[in-house]
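J.: How does the following fold in three dimensions:
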Amino acid sequence: MNIAVKLMQKFKDRVTENKLKDYQDKAELIRKRNLEAWDDGQLQAESLRLQKEAKSGTLLDELLVDAYALVCEAAKRKLGLQPYEVQIMAAIALHERFLIEQHTGEGKTLSAVMPAYLNALTGKGVHVLTFNDYLAKRDAEWMGPIYRFLGLTINSVQAGMSLSEKREAYAADVTYVTAKEAGFDYLRDTIALDEADTVHRPFHYVIVDEADSLLLDEARVPLVIAGESDSSSNDDIHFAEVARQLEPLEHYDFDESNRNVYLNEAGSAKVESLLGCGNLYESHNSHLLSSLNCALHVEVLLKKDVDYIVRDGKIELIDEYTGRVAKNRHLPDRLQAALTAKEGLQSKSGGKILGTITLQHFLSLYPKACGMTATAHASAMEFEDIYDLQVVQIPPNRPNIRIDHPRRIYTHKAAKLKALVHEISSVHATGRPILIGTSSVEESDMLAESLAVADVPCHVLNAKNDAKEAEIIAKAGEIGAVTVSTNMAGRGVDIRLGGGNPMQAEAVAKLGGLYVIGTHVNESLRIDDQLRGRSGRQGDPGASIFFVSLEDELMLQFGIDKWVRGLRQDEALKEPLLHSKISHIQRVAMAQNFHIRKELNGYSDMVEDQRRILYEERLGILKGEKPMSPSEQRVRLFYIDECWADHLAYVSYVREGIHLESLASRNPIDEFHVQITQAYEQIPAKINSETANMLVRLEGSNDPAMWEKFGLKSPTSTRTYMINDQYLQNKRSSWTPATIMAYYLRKMLRLALWPVYRLSKF
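T.: Numbers count the residues shown, from 1 in each chain. Below you'll find the predicted structure:
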């Protein structure tokens, strides 16, 4: 088996070498297309010629050399930037729909301009999807002069723009926008009752920046649009008070990985006594049980300043991959309400979900897609398996001379912290700049406090002050700078030695360059590499090292702490086997997350297929492709949306307990597909029936006032958010057999009654 794997890898390496050689030859051809002697008018006339060629049907591959040569000359004249050979190679790979790995500081932003320009020549529009609003605006403003010089329009989308501003931005030849905002705008379009209220045009070509974060880490996160609700409830505060009276082990237990918590028999009895509700597992107490479980989950498993922060009287969730506030991110409604109650804040209950799509499915709407990131190779198999995207590693412009030191492993956290402070203090005394990557807001604050005691001043970059991140990162390479940060994914700002000052840069280089310190290892090797990659930019000197404690969460999860059998010492452990064991743990964790994503895709793919079929019909009605009166158009659109929202509620209901089908030796995903398919097949008849009934009531009136009178209108207000669903993956996987059976029987009863409930809604 190993021989076969090695042969396959050798074959892939040879294919990559040949591909890079082809790119190198074509890049050389582009660079030889010397346009320095051309005046501005000649360059712009050439761009106009290319636009006419592209719109007349000439293959873009045939225009690539001329187009890229134009962009290179325009970049030099308008921005003073001369693309490197490797940047042009990356640009060719992007046009050929590859996912490129281009090291930090190698100029991905400029590389993207060439394929964006080429594909925008058709007039069909190009989207460059970025990680946050700041980067979308920055990159559009930075690269804008190139596009405009060559006769193309460019714009960026920002959250909070008006409908007309967004429509104008998406109508540009090239649009820079975050993946989330583009997805939310698509969801808003899917519930528009008038074509004039939509902002997107048909999708064409997309370049995904920070592709590993968007395509893997956040790909399965559902984007949601919901009708706003004005109602609120104080019941959750009562459940929070009950949860706080429960003691670990005495009233509740954890699963083996400490990711889930569940009541034991004593806990159930305690809750029943406090609530005075009788048997907690009887069907009429199902809401109490669900609410109590949510309250217990957030009380025990969600930590303030690790999983969330409280700012301006609101809960703000922290992204597990970036360590920053995840804007517009919510837990599922009941968990969100429970967390708000835990912190003693007022909660508004969630409105009805009107539409949802995962980032993965949204990105699949683009006929042509490519991506770029600094860390892709470690997950190449997953990119190919899920997206059919092959990874191409672009060589650096200058050789990487960064020194990556072996991990330092300690028996416990206190020893690790002591060693960290000593290492940082020692290096800081030389003036060498240091960047420290931490696992959470809590850890970054704690480390900053320890450094203050040791008289080491530092800048803290975490979810509490993310608005200043660009300024802080820009200074992280200055002499004497110490920067404590949560995860560096998607920061989008290079750390230049000396902060960009040439004289200071030379002094920092003599000190060894930027020194990167990781305070833990991540579940994914990619995340570690993102931190390492901040040092050694463009051939600069630099170094990296990771400090690990056997009490770190990942180590405890895999039981590696048992290897030292209770040993506690301040010195680093020397056993070579521990290093290979930690690397093995990372590989196992990455494989587990890969399989989790694949399994979750099995649930969401079917729902997405159903959504696309229904939306295709809806779009035809919205665009007037099917003759009917205006009143029939409005009525059918309204009931398509109503039935789809109702279907989504049913899907969520089934998904909540479908894993229990395994108790009856049935495959949960297969059963899920059967149940939602049966429900979906009822939708067309329901739409036709409700439409016919309403048209009779309207008596054929095309008066919008009559439509309003009968409630045929969009929600008065909507909200968009993302659901953090990782907390629910195995929420009930460790219930006791008696609890599972009680829940299972109740679930079957409620499923049997669901059709009656659905009919009663109309």
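J.: Give me the below-cutoff pLDDT ranges for the stretch 401-550 of the chain.
T.: The model of the stretch 401-550 of the chain has pLDDT under 70 over residues 462-468, 487-493.
J.: In it, what residue spans correspond to helices?
T.: 413-428, 441-453, 469-474, 502-510, 525-532 (DSSP state H, counting those that start in this stretch).
J.: what's the most buried one of those helices?
T.: Of the helices of the stretch 401-550 of the chain, the one with the most neighbours on average (mean count of other CB atoms under 10 Å) is helix 525-532, at a mean of 22. Glycine gets a C-beta too; all of them are placed from N, C-alpha and C.
J.: returning to what we had before: let me have the helices of the stretch 401-550 of the chain in a markdown table, extended by distance to Ala172.
T.: A markdown table is the format used below for these (distance: least, CB to CB, whole Å):
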| stretch | distance to Ala172 |
| --- | --- |
| helix 413-428 | 46 |
| helix 441-453 | 37 |
| helix 469-474 | 24 |
| helix 502-510 | 37 |
| helix 525-532 | 31 |
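J.: which stretch among these comes nearest Ser291?
T.: Closest to Ser291 of those is helix 441-453 (CB to CB; 27.5 Å).
J.: tell me the angle of the closest one relative to helix 413-428?
T.: Interaxial angle, helix 441-453 versus helix 413-428 (axes from the mean of the first three to the mean of the last three CA atoms, to 10 degrees): 50 degrees.
J.: how about the helices in the stretch 651-762 of the chain?
T.: 668-680, 683-698, 704-709, 737-760.
J.: before we move on, what about the stretch 201-350 of the chain?
T.: 211-212, 235-244, 265-275, 286-301, 333-342.
J.: Are there helices or strands packed against the first one, and which ones?
T.: It stands for helix 211-212. Packed against helix 211-212 by the contact rule (3 or more CB pairs under 8 Å, 6 or more residues apart in numbering; DSSP states H and E) you find strand 368-373.
J.: can we see that at 10 Å?
T.: Contact partners of helix 211-212 among helices and strands, from 3 or more CB pairs under 10 Å, 6 or more residues apart in numbering; DSSP states H and E: strand 99-101, strand 368-373, helix 380-387, helix 525-532.
J.: could these go into JSON lines alongside distance to Gln682?
T.: Formatted as JSON lines, these follow (distance: least, CB to CB, whole Å):
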{"stretch": "strand 99-101", "distance to Gln682": "41"}
{"stretch": "strand 368-373", "distance to Gln682": "34"}
{"stretch": "helix 380-387", "distance to Gln682": "31"}
{"stretch": "helix 525-532", "distance to Gln682": "44"}
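J.: closest one to Arg719 among these?
T.: strand 368-373 (28.3 Å).
J.: which strand of the chain spans the most residues?
T.: strand 542-549 (DSSP state E).
J.: any idea how far the one residue sitting closest to the centre of the chain lies from Thr430?
T.: In the chain, the centroid-proximal residue (CA atoms, centre = their mean) is Glu218; its distance is 2.6 Å. Going from Glu218 to Thr430 by CB to CB, to the nearest Å gives 39 Å.
J.: cool, and Val310?
T.: Applying CB to CB to Val310 and Thr430 gives a distance of 39 Å.
J.: Neighbour count: these two, which is higher?
T.: Neighbour comparison, Val310 and Thr430: the larger count goes to Val310, with 15 against 11 (by other CB atoms under 10 Å).
J.: Stretch 75-92: which residues count as buried?
T.: Within stretch 75-92, the residues scored as buried using 16 or more other CB atoms under 10 Å are 75, 77-79, 81, 83-84, 86-92.
J.: Which of these sits closest to Val654?
T.: Distance to Val654, by CB to CB, is smallest for Ala90 among the buried residues of stretch 75-92, at 44.6 Å.
J.: pretty sure the closest one contacts Val113?
T.: No - with contact defined as CB atoms under 10 Å, Ala90 does not reach Val113; the gap is 11.1 Å.
J.: Now for the two: what residues contact both?
T.: Pro83 (CB atoms under 10 Å, 6 or more residues apart in numbering).
J.: and the angle from the longest helix along the chain to helix 668-680?
T.: Using DSSP state H to define each element, the chain has its longest helix at helix 576-622. Interaxial angle, helix 576-622 versus helix 668-680 (the same axes, to 10 degrees): 10 degrees.
J.: quick check: angle from helix 576-622 to helix 683-698?
T.: On the basis of the same axes, to 10 degrees, helix 576-622 is oriented at 40 degrees to helix 683-698.
J.: Tell me how far helix 576-622 lies from the chain's centre.
T.: Relative to its chain's centre, helix 576-622 lies at 12 Å (CA atoms, centre = their mean, to the nearest Å).
J.: and that helix, what's its mean pLDDT?
T.: Taken as a whole, helix 576-622 has an average pLDDT of 88.
J.: hang on, Leu567 packs against Leu578?
T.: No - Leu567 is beyond contact range of Leu578, at 11.9 Å (criterion: CB under 10 Å).
J.: Have a look at those two and say which one is more surrounded.
T.: Applying other CB under 10 Å to Leu567 and Leu578 shows that Leu578 carries more neighbours, namely 18 against 11.
J.: circling back: compare the helices of the stretch 401-550 of the chain and report which one is nearest to Leu550.
T.: Per CB to CB, nearest to Leu550 of the helices of the stretch 401-550 of the chain: helix 413-428, 9.0 Å.
J.: Mind giving me the packing neighbours of that closest one?
T.: Partner elements for helix 413-428 (3+ CB pairs under 10 Å, 6+ apart): strand 408-410, strand 434-437, helix 441-453, strand 482-485, strand 514-518, strand 542-549.
J.: Distance to Asn34 for those - can I get that in JSON lines?
T.: Shown next, in JSON lines, are those (distance: least, CB to CB, whole Å):
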{"stretch": "strand 408-410", "distance to Asn34": "52"}
{"stretch": "strand 434-437", "distance to Asn34": "40"}
{"stretch": "helix 441-453", "distance to Asn34": "50"}
{"stretch": "strand 482-485", "distance to Asn34": "42"}
{"stretch": "strand 514-518", "distance to Asn34": "37"}
{"stretch": "strand 542-549", "distance to Asn34": "35"}
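J.: This completes my enquiry, with thanks.
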